[in-house]
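J.: pasting a predicted model and its sequence here:
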Amino acid sequence: MKKTWKKMASLFLSVLLMLSMVVTPAMAAEGTTRSGSKDAPTEVKSCIKSGLWTEILNLEFEDTTWMNAIDSVTVNDTVYKNKTISSFGSDTGIWDIGSATGAYGSYTAFRIANADNVSYPLTVKFTANGYKDLTVEITKTTVSYSDVYTATVVKDSTPAEKTYSATADSAENGKVTLDKTSSLKAGDTVTVTTTPNKHYELDTLTVKGESGTTVDTTKKSDNEYTFTMPAENVTVTAIFKKAAPIKINLDQVSISLDSFNRNWNVSFANADGYVEDITEVKVNGETWKKASYASFIYGGQYYQNTSDNKLLFAETNFSSSDDAAVLKSGDVITITADGYEDLTMKFVVDPSGKASLVEDDGQGDPYQLYVKIAGTFDSAIKGQTNYDTVSSASTGGSSSNKNSDVTVYGALVKKGTEPTDSDWKELDNMSNINLDGKKCTVNIVPDTDKGTSADSDSGMQGVYMTISSALSLSGTPKDPGKYLVSVSITDMQGRTATSNTLQFNVYSGEEKLADQLVKENFKQYANGKYAWDIMEPWAISNFGSNVDGEDESVRVPADLEAWFGSQVSGTYGYLGYDLAWKEVEKGNIPQTLYIPDGCDLTITNMEILSSVRIVVEKGGKLTLDDSVVQGIIEVKDGGTFSMNYSAYDEEFKVGASICGQLRLEDGATLENAAIYSHANYLANGNLTDRTTSEPVVTVTGNVTIKGNVYIEGDDAGNEIGQTALRVSNGTLHLEDGSQLVAYGGSGKTLLYREGGVAIDLDNATIDGNGKVTAIGGDVLWGNGGNAVTGNGTIATKSAFLQGATANESNKAEAGKATEGTIKVTGQYRHMEDGTVMGATENDPLAELYWKTGIDAQPPLDKFETPEVTKFINVVDIESQVYNGEVLKPVVKVTDAADTEKVLTEDVDYFVTYTQPAQRSAADEYVNAGDYTVTVTGMGEYYGTETKTFTIEPKQMTFDVAADSDSAIYDGQSKTPTLTIKDGDTVLTEGIDYTVSYTYGSDSNAADFAGAEFVNAGEYTILVTGIGNYAGSTGKFVFTVKQNNSDNNNNGSNNNGSDNGNNSNAGNNNGSNNNGNTNTDQNKNQTVNNNKTNGNGSAASNKTNQTVNKTTAATANNTSAAKALKTADTSAMVLWFVMLAIAGGALTTTMYAVKKRG
């Protein structure tokens, strides 16, 4: 019966439990689903009415927090809206939380505004977020005519549900936590969180009720489980066990330098706490020490940064001990940590300097270090001091430079491979290869293979600082010889390498240029030409000679195209020595350097001192690059000179200067040259004895300019500014498109110096289809420089001539565009004198000047030349007739647009005269012929016209005279001596006339020159005018008479030839001359042909004798009438009479001779 009762009781309780489960959801559906676990207020402290138009009830509660959480209000099952209530408003059916005033002051109240028809009692239901629902009943009663409102909390009549607890047992090597432990109801879900200690894991988790029943658990994650609460208290028990060792993979590990580049930071991803568990670190099998502070990690140590889970190693060894190791590429790191497998990895630094940690392959560092040195070491001279100090050629001062142009390069590549060109990088502070400077050395050893003794001492030390890639030498050169220089390096990863060697030479200082300037010392280019890469030694004062017959003279090999004093700009080789400037001016220059035919030589980084004269021979070319010449350069016919110009790059440069003088002789060429001088302000070696205003460049004869040429004189020294260019007795011709720009030296270094002349012409011309620019030297307080001075013509297509500005405060004069007799004829011209400006004004011409040594070229775009628009017209010139005097042509020139306007010579135009080729009387029209008259516009006019001026020959009959008009045949030549005149003027054969003759009846004329009139007969001499007398004629008849007493024949040789032997001995008449031999010994003698005994002497035929000539007949016709012809029979009687007279005369003569004897 007792068991039956128990069964009935259990059944009854089960039914009640099921009914409660059915009713409870129904109650929740009625508005309790938003209720929370917090209790709502249990009483209303007061309830009063307010409001004018509406009924406002103010309910006072102790818990204002609950009031602020109210989110829903219903009054008599009508839902009220939450809206601010105004005492003067008329809205109803609303609620809010506001201020109310009671007997004890104001307070925060819950307020409702009721509708007029609301009926009491009121049932007000509240829901508040996080709180249990609350119901308040409000009643209204009338006491003494006043309404009294009473608000009462309605108690919940539902019985409390039974709750249970859950307890977690204490566990070893971990802990268990429950999200709920009390007030648990059957069916509640409880979450269990298990937290194993480090390196432990959950083994078992058990939940048991007080009855011993095991409750099932559900795993939500590795450390989270849930179970459903039974209707009894439960206990949760967890057992933890040791976890398996964790493996750290290399993809979890990274390495980097900290922001100060002091330490390597090794980070471990997804391995929280790993660094804290590290117990040992080994590098290459050696255990390293644990450092106590991150800021003081030395070699052989590590530091555990547990807060950031990083392991730190020193990047640089700051320990005083060199043995304290830091990580190096190829090192193997082994890390031991609690709960983890040992981690082994290799530290590698790649060529970019980036570090990484990789699997250890047992091969150590995968990279190999290489080093090389490239460049040249300038030679040194025994005992030389200040090895690194040289003079500067371009600034007029001095600067300090290293004589060693050597760069150190490094390469880091995979082992087993050779570096490519792209692998080599300069080893400086920007290099990715981080060198250990303390372990880098420079080696200098004698080159025994080239004859230097092994015990020789160069006296020099190598200097290589790893912050720079430059390798240099310092010290005092000691033993002459050849030495090899190399460098050995060690990087911070412990890699080592030794470079190639470069040669360094120490010289005695007594070497001769002729011995050094040989192909054995040159480098050959691919084109077959040679370069003297560095002049050895760097200073040569002795020349010797390789030129036959000359001392101290050297001719450069024709195939040498480059001569370097050094390979570093600003570091110079020196040639010659500093000769006093007065000796240079006198021409006493002891050393000569010849640039021969076929040689195209560029001299770079050289200072050639004043003892050296450079001669560019025909077919040779010299280019100056970043060098200075202190003496004279002579460019001969066919030679070419260039300066500060790269033909390869086709661009101008700066750096070279001429402090002496460039002399261009007839036939020379000046091609693409930027020439400026420091003659007055750059020392000539150690001498400062030079001050000059003589031109930087001189031209003598005809010289050609190719390309662009710029010339500027130096600032004034003790004289005016230096003249840029002088052209003398010739023509400077600009090829098409070429430009010549010249600046007079300024007067700005010293306050009151005058500006120099840009171009000085000395009976010279500058012409060509190019442009000339000449600008006078600018000044401070002196007179401005002139653009062009002297006597000559500028006949280029364009000309820009500008005088310099002057300052009025010193009453200085501005420079002129031209000074002297200068004719400018180009089509495009700018010709302006300078102006005088005020003391505070800026020079208006400042932008025209060239900043030599800074700007490679002058400001060419500033030299604007407008076109000349006025032209000349030349009237035809009338001919004149030769009269032996100067005949000046009458030249009339007018304005081409206004022919009535007659122009003025030497103002608007000038005239030049061209003589016929066979004449040479400059600018004088005397002789007959066609003359060219050239008229060229100048001033405001442009254009050139040529006209022909003709002097007609004088046509007349010559006065012909001979020393005799006849002679008696004696077998000898009787040719007469002629004199041809125009009035009183004796004319010249071959210039004014020619002479021919005929003999007898022969009509063919023969040349009179060398003719011999021997045979008896009549010779007709014909004179024909030429040159100034073309068209004039003359005639003379000479007769050789028969000698009737001659027993022999009279030599009637029809061809008029002379059979005599020129002895002029009278062989045929020897028996009748009474002892007179009449022999002519070809001596100069005087013969009087008018003696009465003239038959006893022979007429001389020598043209160099002086004779008292007998005037011939004044008219040719008269002479012809008196001269008898041998063949004329009508005169036979006369011939016999003459023969009888001759015989009588002969007899008388013989008798007289005999009587004297």
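T.: Sure thing, it's come through.

J.: what's around T385, how many residues?
T.: A count of nearby residues for T385, using other Cβ atoms under 10 Å, gives 7. C-beta coordinates here come from the backbone N, C-alpha and C atoms, glycine included.

J.: what's near enough to touch Y370?
T.: Residues in contact with Y370, defined by Cβ atoms under 8 Å, 6 or more residues apart in numbering, are 410-413, 419, 497.

J.: most surrounded residue in these?
T.: The most crowded member of the contacts of Y370, judged by other Cβ under 10 Å, is G410 (26 neighbours).

J.: doesn't D423 make contact with that residue?
T.: No. Under the criterion of Cβ atoms under 8 Å, G410 lies out of contact with D423, with a separation of 9.0 Å.

J.: quick one on the thing from earlier: of the contacts of Y370, which belong to strands?
T.: Those of the contacts of Y370 mapping onto strands are 410-413, 497, per DSSP state E.

J.: from the residues you listed, which two are the most distant?
T.: Taking every pair in these and measuring Cβ to Cβ, the maximum separation is 11.3 Å, between V413 and A497.

J.: about what we covered before: S458: which of the contacts of Y370 is nearest?
T.: Nearest to S458, judged by Cβ to Cβ, of the contacts of Y370 is A497 at 23.3 Å.

J.: pairing partners for the closest one in the sheet, please.
T.: On the basis of DSSP bridges, A497 takes part in beta bridges with I489.

J.: same deal with F126?
T.: In this entry, F126 is beta-bridged to V73, L134, by DSSP bridges.

J.: what's the neighbour count on it?
T.: For F126, the tally of surrounding residues (other Cβ under 10 Å) stands at 24.

J.: contacts only, for it.
T.: Applying Cβ under 8 Å, 6+ apart to F126 gives the contacts 40, 70, 72-73, 133-136.

J.: please apply the same query to P419.
T.: The contact partners of P419, taken as Cβ under 8 Å, 6+ apart, are 370, 411, 413.

J.: quick one: the last one from D350, how far?
T.: What that stands for is V413. When distances are taken as Cβ to Cβ, to the nearest Å, V413 and D350 turn out to be 10 Å apart.

J.: pull up the overlap in contacts between those two.
T.: Taking Cβ under 8 Å, 6+ apart as the criterion, V413 and D350 both touch Y367.

J.: surely K482 touches I444?
T.: No. The pair formed by K482 and I444 falls short of the contact definition of Cβ under 8 Å, at 11.2 Å.

J.: so what sits against both of those two?
T.: Common neighbours of K482 and I444, counting by Cβ under 8 Å, 6+ apart, are F504.

J.: got the domain boundaries for the chain?
T.: What the record gives for the chain is the domain set 1-30, 34-153, 166-242, 250-365, 368-507, 569-862, 870-949, 959-1045+1067-1112, from automatic domain parsing.

J.: from the chain's centroid, how far away is the third one?
T.: Computed by Cα atoms, centre = their mean, to the nearest Å, the separation of domain 166-242 from the middle of its chain amounts to 85 Å.

J.: quick one: mean pLDDT over it.
T.: In this model, domain 166-242 carries a mean pLDDT of 95.

J.: what's the end-to-end length of that domain?
T.: Distance across domain 166-242, first residue to last, is 27 Å (Cα to Cα, to the nearest Å).

J.: so which residues of the stretch 451-600 of the chain form helices?
T.: Along the stretch 451-600 of the chain, counting by DSSP state H, counting those that start in this stretch, helices occupy 513-516, 581-586.

J.: could you tell me the least trusted of those helices?
T.: Looking at the helices of the stretch 451-600 of the chain, the bottom one is helix 581-586 with a mean of 92.

J.: can you list contacts of it?
T.: Outside helix 581-586, the residues that touch it by Cβ under 8 Å, 6+ apart are 589, 610, 631-632, 660, 684, 687, 689-690, 692.

J.: how about the nearest residue to A171, chain neighbours excluded?
T.: Leaving aside its chain neighbours, A171 sits nearest to A238 (4.7 Å; criterion: Cβ to Cβ, 6 or more residues apart in numbering).

J.: contact partners for the one you found?
T.: Residues counted as contacts of A238 (Cβ under 8 Å, 6+ apart) are 168-169, 171, 174-176, 192, 194, 202, 204-206.

J.: neighbour count for these - can I get that in CSV?
T.: As requested, the contacts of A238 are exported to CSV (neighbours: other Cβ atoms under 10 Å):
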residue, neighbour count
A168, 19
D169, 11
A171, 20
G174, 19
K175, 15
V176, 20
V192, 23
T194, 22
L202, 21
T204, 9
L205, 18
T206, 13
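
J.: now the residues you listed as TSV including distance to L471 and secondary structure?
T.: Written out in TSV, the entries for these read as follows (distance: Cβ to Cβ, whole Å; DSSP: H, G, I helix; E, B strand; the rest coil):
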residue	distance to L471	secondary structure
A168	76	strand
D169	78	coil
A171	72	coil
G174	67	strand
K175	69	strand
V176	73	strand
V192	75	strand
T194	69	strand
L202	68	strand
T204	75	strand
L205	74	strand
T206	80	strand
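
J.: now those as CSV including distance to Q955?
T.: Output for the contacts of A238, formatted as CSV (distance: Cβ to Cβ, whole Å):
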residue, distance to Q955
A168, 156
D169, 160
A171, 155
G174, 150
K175, 151
V176, 153
V192, 152
T194, 149
L202, 149
T204, 156
L205, 154
T206, 160
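
J.: and of the residues you listed, the nearest to N261?
T.: Minimum distance to N261 across the contacts of A238 is 43.5 Å, recorded for G174 (Cβ to Cβ).

J.: tell me which residues form a beta bridge with the closest one?
T.: The partner list for G174 in beta bridges (DSSP bridges) reads P196.

J.: cool, and V190?
T.: Note on V190: beta-bridge partners by DSSP bridges are F227.
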